[in-house]
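S.K.: Dropping a prediction and its sequence here:
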Amino acid sequence: MERLKRYFTTFFVGCSFLCLQAQTDSTLSVPVALPWPQNLQARLDTLLTDPLLERSQLGLLVFDMTADSTLYSYGAKQTLRPASTMKLLTSITAIDLLGGDYYFRTTLSYKGLVKDNVLVGNLYCVGGMDPLFDDDDLMVFVESLQGMGIVSIHGNLYVDTSFKEEDLFGEGWCWDDDNPELSPLLVLRKNDFASRFMISLSKVGITFDGEIKTGAPPKDALMLSTRLHSLDDVLVPMMKESDNLYAESMFYQIAASMGVRPAKASHARQLIKKEIAKAGVSGAQYRIADGSGLSLYNYVTPEILVKMLVYAFRNPNIYDHLFPALPIAGQDGTLKKRMLDSVAKGRVNAKTGTLSGISSLAGYASSANGHKLAFCIINQGVMKHADGRGFQDKICTALCK
């Protein structure tokens, strides 16, 4: 009924401008006389007659940031599973809380004496849950030992994984998904740092006769090497390719900012909820389970996602990092093959989301009149993800026309 009333209102507004003519495009047919934003609202009203919505749920919100007003709302307060659009909440919180100059850190130190090319003492490697740590970084650690002339180590290797809680998987993850292991010390995404380090040492002729143990370095340990990767280094593949490990690593960086060790998922949830409140959301029912959207226990509303997007847009310190990391319609990331033959190509920067029964899209769009829009579309209960993606692409086309 609300859609019908709005349509007739916009119809008669358009009549006051000129006689109505029908314009047919690839999306739908609307009167050319309707002014902004009634023309957009009429297009969206027509799209909501899609049979897909007879058998599934929809949450949709479009906010005009240029005009500072809501353009369209349908089920925007429904609690729905966000899938990977959850990464928007994680990334916005991380950028705002940690700052754009934050670094993921992994360190190697030692305590002991070096005599006749032999280290009599222990090595300590402290993990900071850097998902980008790879064999090249590992070789820098090895080369730091070579640089001291060390050819033999008489002592132990202590691996410090106290950065985060011991759980290797997130709350509410499906056992049969391709889930990443959430270890503070990874090499090429694998939880086998110690064995790889030993192999790397042997390859350059450094012998090791100790044991591999867990433990933190003493305060007087001497630093050998530190490997760093910036927040942007992690953020871009996290968003462009929807990398779940990168998102969970970001989630635990948020948790660690509380200064408590080990950092816990509950810490990150508290801080994300505070960020949602900062964005102006109050009284909403929602649940944060993880940082990637893999969990079936995540429930948010389109309103929450859009308000967070608007908050980020109005804060350049956040937006300048977030916007370049978002997939671009028809160009890159998870939107590379979508909206290719549409006016939305190159004008939609948004995060996709896919879970069983869920297809979502949330981000920014540039309308033909130059207005900047924030939007969220969550299709829940869709049996074919292609149906949800097709519907979302039509919405984006309507936003950009």
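M.R.: Cool, the structure landed.
S.K.: for stretch 91-99, the distance to its chain's centre please.
M.R.: 11 Å (Cα atoms, centre = their mean, to the nearest Å).
S.K.: I'd like the numbering to begin with 36 instead of 1 from here.
M.R.: In the new numbering, first residue 36, that becomes stretch 126-134.
S.K.: For it, list every residue counted as buried.
M.R.: For stretch 126-134, the neighbour count (16 or more other Cβ atoms under 10 Å) marks Ser126, Ile127, Thr128, Ala129, Ile130, Asp131, Leu132, Leu133 as buried. Glycine gets a C-beta too; all of them are placed from N, C-alpha and C.
S.K.: Make JSON lines from the residues you listed and add pLDDT and secondary structure to it.
M.R.: JSON lines is the format used below for these (pLDDT from 0 to 100; DSSP: H, G, I helix; E, B strand; the rest coil):
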{"residue": "Ser126", "pLDDT": "98", "secondary structure": "helix"}
{"residue": "Ile127", "pLDDT": "98", "secondary structure": "helix"}
{"residue": "Thr128", "pLDDT": "98", "secondary structure": "helix"}
{"residue": "Ala129", "pLDDT": "98", "secondary structure": "helix"}
{"residue": "Ile130", "pLDDT": "98", "secondary structure": "helix"}
{"residue": "Asp131", "pLDDT": "98", "secondary structure": "helix"}
{"residue": "Leu132", "pLDDT": "97", "secondary structure": "helix"}
{"residue": "Leu133", "pLDDT": "98", "secondary structure": "helix"}
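S.K.: Nearest to Gln320 among the residues you listed?
M.R.: Thr128 (19.2 Å; Cβ to Cβ).
S.K.: ok, for that closest one, nearest residue in space, not its chain neighbours?
M.R.: Glu310 (4.2 Å; Cβ to Cβ, 6 or more residues apart in numbering).
S.K.: In PDB, list the C-alpha atoms belonging to the helix or strand that that neighbour is a member of.
M.R.: With elements taken from DSSP states H and E, the one containing Glu310 is helix 300-313. Presented in PDB, the C-alpha positions along helix 300-313 are these (Å, rounded to 0.1, in the frame of the first residue of the first chain):
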ATOM      1  CA  ALA A 300      36.500 -12.500  20.000                       C
ATOM      2  CA  SER A 301      34.300 -11.000  22.800                       C
ATOM      3  CA  HIS A 302      36.600  -8.000  23.000                       C
ATOM      4  CA  ALA A 303      36.200  -7.300  19.300                       C
ATOM      5  CA  ARG A 304      32.400  -7.700  19.500                       C
ATOM      6  CA  GLN A 305      32.300  -5.100  22.300                       C
ATOM      7  CA  LEU A 306      34.300  -2.600  20.200                       C
ATOM      8  CA  ILE A 307      32.300  -3.100  17.000                       C
ATOM      9  CA  LYS A 308      29.100  -2.500  19.000                       C
ATOM     10  CA  LYS A 309      30.500   0.700  20.300                       C
ATOM     11  CA  GLU A 310      31.400   1.700  16.700                       C
ATOM     12  CA  ILE A 311      27.800   0.900  15.600                       C
ATOM     13  CA  ALA A 312      26.600   3.200  18.400                       C
ATOM     14  CA  LYS A 313      29.000   6.000  17.200                       C
END
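S.K.: From the chain's centroid, how far away is it?
M.R.: Distance, centroid of helix 300-313 to centroid of chain: 15 Å (Cα atoms, centre = their mean).
S.K.: Measure how buried Asp255 is and give me the count.
M.R.: Using other Cβ atoms under 10 Å, Asp255 has 7 neighbouring residues.
S.K.: For it, pull up the helix or strand it's in.
M.R.: Asp255 belongs to no helix or strand, assigned by DSSP H and E.
S.K.: isn't it right next to Tyr145, touching?
M.R.: No. Contact between Asp255 and Tyr145 fails when scored by Cβ atoms under 8 Å: they sit 10.8 Å apart.
S.K.: Quick check, Leu217 in contact with Tyr287.
M.R.: Yes. Contact criterion Cβ under 8 Å: Leu217 and Tyr287 qualify, at 7.3 Å.
S.K.: got any residues that touch both of those two?
M.R.: Here Leu217 and Tyr287 have Met164, Lys199 as joint contacts, going by Cβ atoms under 8 Å, 6 or more residues apart in numbering.
S.K.: More neighbours: those two, which one.
M.R.: A direct count of neighbours by other Cβ under 10 Å for Leu217 and Tyr287 places Leu217 higher, at 26 against 23.
S.K.: got the contact list for the more buried one?
M.R.: So Leu217 contacts Met164, Lys199, Asp202, Leu203, Phe204, Gly205, Leu280, Glu283, Ser284, Tyr287 (Cβ under 8 Å, 6+ apart).
S.K.: show me the contacts for the last one.
M.R.: By Cβ under 8 Å, 6+ apart, the residues touching Tyr287 are Met164, Phe198, Lys199, Leu217, Ala298, Ala300, Ala303, Gly326.
S.K.: Quick check on the third one: phi, psi?
M.R.: Which is Lys199. Per-residue torsions, Lys199: phi -140, psi 170 (degrees, to the nearest 10).
S.K.: Hmm, Met164 and it touching each other?
M.R.: Yes. In this structure, Lys199 is within contact of Met164 by Cβ under 8 Å, at 6.1 Å.
S.K.: Overlap in contacts, those two.
M.R.: Shared contacts of Lys199 and Met164, counting by Cβ under 8 Å, 6+ apart, come down to Leu217, Pro219, Tyr287.
S.K.: Count the residues that sit near the nearest residue to Gly190 once chain neighbours are set aside.
M.R.: Spatial nearest neighbour of Gly190, excluding adjacent residues (Cβ to Cβ, 6+ apart): Asn157 at 4.3 Å. Using other Cβ under 10 Å, Asn157 has 22 neighbouring residues.
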